[in-house]
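Novice: For reference, the sequence and a predicted model appear below.
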There are 2 protein chains.
Amino acid sequence: MQKEIPYKIYLEETELPKQWLNLRAFMPHKPAPLLHPQTLRPITKTELSEVFCEELAKQELDDTTPYIDIPDEVRNFYKMYRPAPLIRAYFLEKELDTPAKIYYKFEGNNTSGSHKLNSAIAQAYYAKAQGLSGVTTETGAGQWGTALSMACSYFGLDCKVFMVKCSYEQKPFRREVMRTYGATVTPSPSQTTKIGREILARFPNTSGSLGCAISEAVEASMQSESYRYALGSVLNQVLLHQSIIGLEAKTALDKYSVKPDVIIGCAGGGSNLGGLIAPFMAEQLQGKAKYRFIAVEPASCPTLTRGKYAYDYCDTGKICPLSKMYTLGSGFIPSASHAGGLRYHGMTSTLSELYHQGLMEARAVTQTSVFSAAEQFARVEGTLPAPESAHAIRVAIDEALKCKQTGEEKTILFGLTGTGYFDMMSYEKFHDGKMTDYIPSDEEIANGLAGLPTL
Amino acid sequence: MQKEIPYKIYLEETELPKQWLNLRAFMPHKPAPLLHPQTLRPITKTELSEVFCEELAKQELDDTTPYIDIPDEVRNFYKMYRPAPLIRAYFLEKELDTPAKIYYKFEGNNTSGSHKLNSAIAQAYYAKAQGLSGVTTETGAGQWGTALSMACSYFGLDCKVFMVKCSYEQKPFRREVMRTYGATVTPSPSQTTKIGREILARFPNTSGSLGCAISEAVEASMQSESYRYALGSVLNQVLLHQSIIGLEAKTALDKYSVKPDVIIGCAGGGSNLGGLIAPFMAEQLQGKAKYRFIAVEPASCPTLTRGKYAYDYCDTGKICPLSKMYTLGSGFIPSASHAGGLRYHGMTSTLSELYHQGLMEARAVTQTSVFSAAEQFARVEGTLPAPESAHAIRVAIDEALKCKQTGEEKTILFGLTGTGYFDMMSYEKFHDGKMTDYIPSDEEIANGLAGLPTL
C-alpha cells in the first residue's frame, strides 16, 4: 500500500546528503572547456586559481569525479536551513482542478530567501580554508549578495558586494540585509574599479548590468592577494553545490515511491535548474530512467530559445574566461524586467550542452503571465514567490492544465527557488496594471549575436 | 541513552495538534469578565456576537472548557506551514559560549511572516461558516493584516484592513502583500468612518495609532450585517488559537525528554506569549511542573512593568468592551518605535491575571539593545528576526549569559514569532547609529493612567 503523502516532506537531518553530485561526470559528451580570455586556450587550474580559491578552481575543471564530499563545516551550516522541504501542492492541484500531481522543492526558507546560500557557504568555506581575508562578488536582484554575506559572516570573512545600480536604488532593503550580515555594498558601475570608471565615462547615466558588475567584482578581487572572486551561478562549481536541491528532492520522492514525469525550473544562469535536475539527469544518462526536463526563461532574455550555442565572454568587460554556451552575446542588454535574477545573456555550459543534445526543453514566458501565476500560487499555497521562481510556476501550471484537458495524471516537480518579499514594487506594478511585456525584436537579437567573438 | 538533538525538530504532520488549549480553564482565579462599553456590565454572548462571529464570541467567553477541537478545515490549512520547527540554537550557544541550552519555536516560515496566521485562519473559518461576506480589521506593523488577508483569500472572504497611517506610509511593501492576497487597505485614521473623521478633525496631522485603527475597523464592521470584526491579539479567542505554538513546542521537547527552565516571549497584546506558555502554564497550574515565565516588553511601552491592573477600554474610541488588564491607559500614545507590533497600551486579561498572581515575570528592554541582539542572532542563526521577536532574543541572550557566569546548564525556550524582511528601514537606522531609545517619564505614565475609567 502506498503511504499517504503529507503536504510537506521533511527529510531527517541524518538524511542530508554527504556528497554533491557532479553532473558532468555522467555526461558522455562533456561541456566544452573554459577558455582563457587572453590566450583563448583552455584555461588551467593555475590560471583559474588567480580568480577563484584553489579548491573551487579544481571543482570547476573536474568533469570526471561523479560525487564530491561536502565538507563537514559546510554540512553543519546546511543544518541551519536544510534539508529543505519538498511540498505537495495539494492546494494548487485543487485550485486548478487537475489530475496532475504537483510537487515543489522549496528553497526560500532561509534569510537569503533563495537557493543561493547552498553555494555561497561552500565558496566561503573554501576561501576560509585557504586563509583568505575575504571575497568579492556582484549581485543583481540581491539574493546572491545576501547569501554570500550570510556565509561570510558565519566564517568571519570580509565580503565586498557590487550591486547593479538599479537594484541598489530600487531595493534598499536588500542592501540593508547585506549590511546586517556585515558586507559592504557598492552600486555598480562605481569609481572603485578601472572598468567601472570606463563604463561611467562612456555611459554616465547607466543603471548598470550584471555583466558589468561581474567585471568590477573580478577586478576588485585582483586588487589584493588575499581576496578571491565568488560567483553565484553559471559556473560548474555552483551547479555542483546546487545538486543538493535535486539530491534531497529525489530522496524525498523515492521515500514515497514517486517518480516525476516532468521536472521544471527557472533558468537565468542555470544554477538552480542544474542543481534540481542533477540526480534525475544522471539517472537518465545512465539509461536507468526517463524524464522530461523544462528550462523556463523570460521572453525578454531568451537565451536558450533564441540565442546561439557558441563561445562567449561571461562578462561585459571581457576579463572573465570564455564559455561555450547558449548566449545572446555579452553585449546584449536585457530590458529592465522584474526578474532581475534571470537577466543574464548566457547559460551555464552544462545545461547548454544538454539542451544542445536535445535532452532538455526550453520555454520563454512573458512577465505578466508569470506574475499572474505567482499571484494565483500565493493565494492558494501561501508562499509569496520571487518573480524568478514564478517562471517555473507558470509552466508547471500550464503543464497541469494540459493534464486537465487530456485527463493524464502526470507527476510534475518544479523548483521554487525563493520568496518575493523584496519584490513588492514589482507586484505593485502588476496589481496596478502598469506592468508591460517586452520581447526583443529579431534585429535586437541579431545585434547581440553579432558581437560574439570569432575564435 | 538520550537521543541526539537535531538543529531543527520537525513534528510529523500527524502530530499536528487536534485541539487548542484554553488556558483560562486551568486557572483557579479566572481573568475578570469583559464589560459592555455602555452598560459597564459583563458582556453577553449576544452582545459580543454583534462584533464577532458567534462561535468566536462563544470562545471569547468560555473559561471552563480545557480543550477545544480545531476544525478540520483549519487544521488542513495549518498543514500549509505547520507543524512549525522547534530549533536548537547550537550556533547561538557557541557564539555566547554558554552552558545554557537554547531552543526557539520559529513561527516565521509563512508568508505573513509571523504567528498571526494561526488565529487569522481560525477567525476567517468561523466567519465563512457563519455565511458572512467578509471581515474588517486593523493592522499596525502589518503582520496581522497580512495574515488575515491570506486567510480570507483562502476562504474567498472580503477583507478590509485599516492600517495605522505611519505604517501604511513606511511599509508600502506590506500593503502590497495584502493586496496580493486581495485585501483592501485603508490608511487610518480615514474619512470612511465617523471616528476616523472625528480624529482627523481634531488631529489633522496624526500618523494614527493601533487603538484608533481598532475603533475604525469595529465601526466599519457594523456598517453591514454580513461583516464582523477580527482582532489579532489581546482577546481570549486569539490566545486559544495561538496555543498551537506551545502545544507543538511541548510535544517536540517531550520527544527528546527536554524540560525548559525558563520560557520567554515578547509581549505586545500578549497573543504569542499566551500561546507559547499555554500548555506549560497549564501543567504548572495543575501542580505537575514548575517553570519560570518571562514576558518581554519595550521600555517605550511598559504595560506590565509600569502600568496598572484595572478595567480599561481596548481602543481609543472607547467603542470596544472594557477588559481588566495591565494598562497604560487607552489614551497613552506610545512613542514611535521600531517594534510596531508591541505598541499597545494594554495586555491580554489572561496574562495580566497570571502576572498579577506572581506566576509570570516581566522585563522591559530598550530598542537599541533589542536590535543589537537581533543582529547578533541573525549573523549566527541565519534568520533575520522581526524587531518584536527580537525582544525575546534579547532576554534569552541575557539569561544565557547569566548561565555563563554561574555555570548553570539551564534550558531556555523562547518564541521567535517572525521575520524582519519588512523592517529593514529600522535595521538601517540601527546600522547608521541613528536609533534612539525612548523611556516615558513618570509624568507621562501618570497622565496615561489618569485617563482610566472609574467604574
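Specialist: Yep, it's here. Here the structure is a predicted model, which is why all the values come from computation and not from measurement.
Novice: For A:His338, give its distance to A:Asp315.
Specialist: 23 Å (CB to CB, to the nearest Å). From N, CA and C alone the C-beta is placed, and that goes for glycine too.
Novice: Of all the helices and strands in chain A, which has the lowest average confidence?
Specialist: Least confident helix or strand of chain A, by mean pLDDT, DSSP states H and E, is helix A:165-170 with a mean of 87.
Novice: Could you pull out the buried residues of that helix?
Specialist: Within helix A:165-170, the residues scored as buried using 16 or more other CB atoms under 10 Å in any protein chain shown are A:Lys165, A:Cys166, A:Ser167, A:Tyr168, A:Gln170.
Novice: Output these as a markdown table; include the columns distance to B:Met425.
Specialist: Listed next are the buried residues of helix A:165-170 as a markdown table, based on distance: CB to CB, whole Å:
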| residue | distance to B:Met425 |
| --- | --- |
| A:Lys165 | 20 |
| A:Cys166 | 20 |
| A:Ser167 | 17 |
| A:Tyr168 | 16 |
| A:Gln170 | 15 |
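Novice: ok, so of the residues you listed, who is nearest B:Glu428?
Specialist: Taking CB to CB as the measure, B:Glu428 sits nearest to A:Tyr168 out of the buried residues of helix A:165-170, at 13.5 Å.
Novice: That closest one and A:Ala141: what is the separation?
Specialist: For A:Tyr168 relative to A:Ala141 (CB to CB), the value is 11 Å.
Novice: what would the buried residues of helix A:165-170 look like in TSV with distance to chain B?
Specialist: Listed next are the buried residues of helix A:165-170 as TSV, based on distance: CB to the nearest CB, whole Å:
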residue	distance to chain B
A:Lys165	18
A:Cys166	17
A:Ser167	14
A:Tyr168	13
A:Gln170	12
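Novice: contacting residues around the strand or helix carrying A:Cys159?
Specialist: Element membership for A:Cys159, per DSSP states H and E: strand A:158-164. Here strand A:158-164 makes contact (CB atoms under 8 Å, 6 or more residues apart in numbering or on different chains) with A:133-140, A:142, A:145, A:148-149, A:152-153, A:174-175, A:178, A:181-188, A:190, A:207-210, A:212-213, A:216-217, A:220, A:227, A:340.
Novice: Sheet partners, orientation included, of it?
Specialist: Strand pairing for strand A:158-164, using DSSP bridges, gives strand A:134-139 (parallel), strand A:184-188 (parallel).
Novice: which of the ones you listed is buried the deepest?
Specialist: strand A:134-139 (a mean of 28; mean count of other CB atoms under 10 Å in any protein chain shown).
Novice: Next to chain B, which bits of the stretch 151-300 of chain A? Give me the list.
Specialist: A:Ser153, A:Tyr154, A:Pro172, A:Phe173, A:Arg174, A:Glu176, A:Val177, A:Arg179, A:Thr180, A:Tyr181, A:Gly182 (CB under 8 Å from any CB of the partner chain).
Novice: mind listing what the fifth one touches?
Specialist: Contacts for A:Arg174 (CB under 8 Å, 6+ apart) come out as A:Thr139, A:Ala141, A:Gly142, A:Gly145, A:Thr146, A:Met163, A:Ser167, A:Phe422, B:Met424.
Novice: For the host helix or strand of it, which residues meet the burial criterion?
Specialist: Using DSSP H and E, A:Arg174 sits within helix A:172-180. Under the neighbour-count criterion of 16+ other CB under 10 Å, helix A:172-180 has A:Phe173, A:Arg174, A:Arg175, A:Glu176, A:Val177, A:Met178, A:Arg179, A:Thr180 buried.
Novice: Show me the strands in the stretch 301-450 of chain A, by range?
Specialist: With DSSP state E, counting those that start in this stretch as the criterion, the stretch 301-450 of chain A has strands at A:308-313, A:322-327, A:361-365, A:411-416.
Novice: Can you check which of the ones you listed gets nearest to chain B?
Specialist: Chain B sits nearest to strand A:411-416 of all the strands of the stretch 301-450 of chain A, at 12.3 Å, using CB to the nearest CB.
Novice: what does the closest one contact?
Specialist: Outside strand A:411-416, the residues touching it (CB under 8 Å, 6+ apart) are A:87, A:100-108, A:115, A:245, A:249, A:253, A:258-266, A:272-273, A:276, A:383, A:385, A:389, A:392-393, A:395-396, A:399-400.
Novice: can you tell me how far the residue most central in space within chain A sits from chain B?
Specialist: Centroid-nearest residue in chain A, with CA atoms, centre = their mean: A:Ser271, separated by 3.7 Å. Relative to chain B, A:Ser271 is positioned 20 Å away (CB to the nearest CB, to the nearest Å).
Novice: What of A:Asn272?
Specialist: Look at A:Asn272 and chain B: by CB to the nearest CB, they are 19 Å apart.
Novice: which residues sit in contact with the spatially closest residue to that residue that is not a sequence neighbour?
Specialist: Using CB to CB, 6 or more residues apart in numbering or on different chains and skipping the chain neighbours, the partner closest in space to A:Asn272 is A:Thr417 (4.7 Å). By CB under 8 Å, 6+ apart, A:Thr417 lies in contact with A:Glu107, A:Gly108, A:Ser114, A:His115, A:Gly265, A:Cys266, A:Asn272, A:Ala386, A:Glu388, A:Ser389, A:Ala392.
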